[in-house]
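Here is my input, please return the structure:
(one chain, ligands or ions: 1)
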Amino acid sequence: MEVKVAKTAGFCFGVKRAVDTVYKQVENTKEKKIYTYGPIIHNEEVIKDMRKRGVEVLRSEEELDRVEEGVVIIRSHGVPKRIYEKLKQKNLVCVDATCPFVKKIHNIVKKESEEGKQIIIVGNEEHPEVSGIKGWAETPVTIVQNVEDARRFETDSDVKICVVSQTTFNYKKFEEIVEILSKKRYDISVLNTICNATTERQTEAASIAKSVDAMIVIGDKHSSNTQKLFEICASACEDTYYIQTLDDLDSNQLGSAKTVGITAGASTPNNIIEEVQNNVRINF
Ligand code: F3S
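From the prediction side, this is the model:
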């Protein structure tokens, strides 16, 4: 059987960097308690493993308020400016694993708003990355989630506007939104800050799924990007299977397949991908 594993399967650059940062801290910090501000990734196995090594997840700002000492790791999504200030005030050690692509947006928002521009973030209001970005602006921020929000948007005609995007926002939707905003005759500058890691993973998955008899998508069942990946693969390959770990793979499923493709969501660790890949190569 031929097995094709997607090069873009699993962690993107920013998530890998954040996960590595936690394990490095575990090795180097013996005398202090380690916290992550929010779960470092949406994968229960990884969080459990980190907990075993003494890393605790802070789930809210109130939980952070109760911490007296230790190291706090900021995950790839980034945080508002006031969290850095709080960590400093509380004398906590801050280890910043904000993805550099997200940090770049913080810097843009800070600079442009300091120059008096009003900020529009195209993204999902509920997403922690968006609240992080919002927290770097000195001027009012509007979050535009869809074309309806864009149509409704209005402000004083003499205000200058800067538009940025959540890194994982859909490019096509971003374009539609920008087109609507641009027609409103404001002085508007647009910065496309979408990261292409997600698109690249989806494009590669689709092209592999098209060329194989069966396709395996690995990821946490709550991970929305894995669900999306599964939909993309399933529409290109009828025999597509969604598994969380090797245990979910039924040996009968791949029976007659001569070629099998494997991809994985952004929060699937490499060891799980390798385990599945090795097993498929040996046993099918
Ligand atoms: Fe990942 Fe950073 Fe892009 S976290 S999706 S590489 S913005």
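
Could you pull out the buried residues of stretch 99-118?
99, 101-106, 108-110, 112-113, 117-118 (16 or more other CB atoms under 10 Å). For every residue, glycine as well, the C-beta is placed using N, CA and C.

How much space separates the residue in the stretch 151-284 of the chain that the ligand sits nearest to from Glu56?
Nearest residue of the stretch 151-284 of the chain to the ligand (CB to the nearest ligand atom) works out as Cys195 at 3.1 Å. Distance, Cys195 to Glu56, by CB to CB, to the nearest Å: 28 Å.

So those two - more neighbours on which side?
Cys195 (20 against 14; other CB atoms under 10 Å).

how about the residues of the stretch 1-150 of the chain that lie near the ligand?
Counting by CB under 6 Å from any ligand atom, the positions of the stretch 1-150 of the chain adjacent to the ligand are Cys12, Phe13, Gly14, Val15, Ser76, Cys99, Phe101, Val102.

Including pLDDT, could those go into a markdown table?
Listed next are those as a markdown table, based on pLDDT from 0 to 100:
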| residue | pLDDT |
| --- | --- |
| Cys12 | 92 |
| Phe13 | 93 |
| Gly14 | 94 |
| Val15 | 93 |
| Ser76 | 94 |
| Cys99 | 96 |
| Phe101 | 96 |
| Val102 | 97 |
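
In helices only, show me the residues you listed.
The helices, defined by DSSP state H, take in Phe13, Gly14, Val15, Phe101, Val102 from those.

can you tell me which of those lies nearest to Arg281?
The shortest approach to Arg281 among those belongs to Val15, at 26.0 Å (CB to CB).

how about the closest one, what does it touch?
Val15 sits next to Ile41, Ser76, Cys99, Ala266, Ser267 when contact means CB atoms under 8 Å, 6 or more residues apart in numbering.

ok, 7 Å please
Taking CB atoms under 7 Å, 6 or more residues apart in numbering as the criterion, Val15 is in contact with Ile41, Ser76, Ala266, Ser267.

related to what we said a few turns ago, let's see which of the buried residues of stretch 99-118 end up in strands.
Gln118 (DSSP state E).

Can I get the buried residues of stretch 99-118 in a markdown table including distance to Asp247?
Formatted as a markdown table, the buried residues of stretch 99-118 follow (distance: CB to CB, whole Å):
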| residue | distance to Asp247 |
| --- | --- |
| Cys99 | 31 |
| Phe101 | 34 |
| Val102 | 34 |
| Lys103 | 38 |
| Lys104 | 40 |
| Ile105 | 39 |
| His106 | 40 |
| Ile108 | 44 |
| Val109 | 44 |
| Lys110 | 46 |
| Glu112 | 49 |
| Ser113 | 49 |
| Lys117 | 52 |
| Gln118 | 51 |
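
closest to Phe230 among the buried residues of stretch 99-118?
Nearest to Phe230 out of those is Cys99 (CB to CB; 24.2 Å).

got the contact list for that closest one?
Gly14, Arg17, Ser76.

Narrow those to those that are buried.
Among the contacts of Cys99, those classed as buried by 16+ other CB under 10 Å are Gly14, Ser76.

and which of the contacts of Cys99 is nearest Gln25?
Arg17 (12.7 Å).

Quick check, the closest one in contact with Ala97.
Yes: under the criterion of CB atoms under 7 Å, Arg17 makes contact with Ala97 at 6.2 Å.

re the thing from before, what separation is there between the residue of the stretch 151-284 of the chain closest to the ligand and Val260?
From Cys195 to Val260 the distance is 29 Å (CB to CB).

With Val72 instead?
For Val72, the distance to Val260 - CB to CB - is 42 Å.

Give me the more crowded residue out of the two.
Neighbours were counted for Val72 and for Val260 using other CB under 10 Å; Val260 has more, 26 against 22.

Quick check: beta-bridge partners of that one?
For Val260, the beta-bridge partners are Val3, Ala214 (DSSP bridges).

And the pLDDT for it?
Model confidence at Val260, expressed as pLDDT, equals 96.

hang on, isn't it packed against Met1?
Yes: with contact defined as CB under 7 Å, Val260 and Met1 form a contacting pair (6.2 Å).

Not counting its neighbours along the chain, what's nearest the closest residue to the ligand within the chain?
Nearest residue of the chain to the ligand: Gly14, at 2.4 Å (CB to the nearest ligand atom). Closest residue to Gly14 apart from its sequence neighbours, by CB to CB, 6 or more residues apart in numbering: Cys99 at 2.9 Å.
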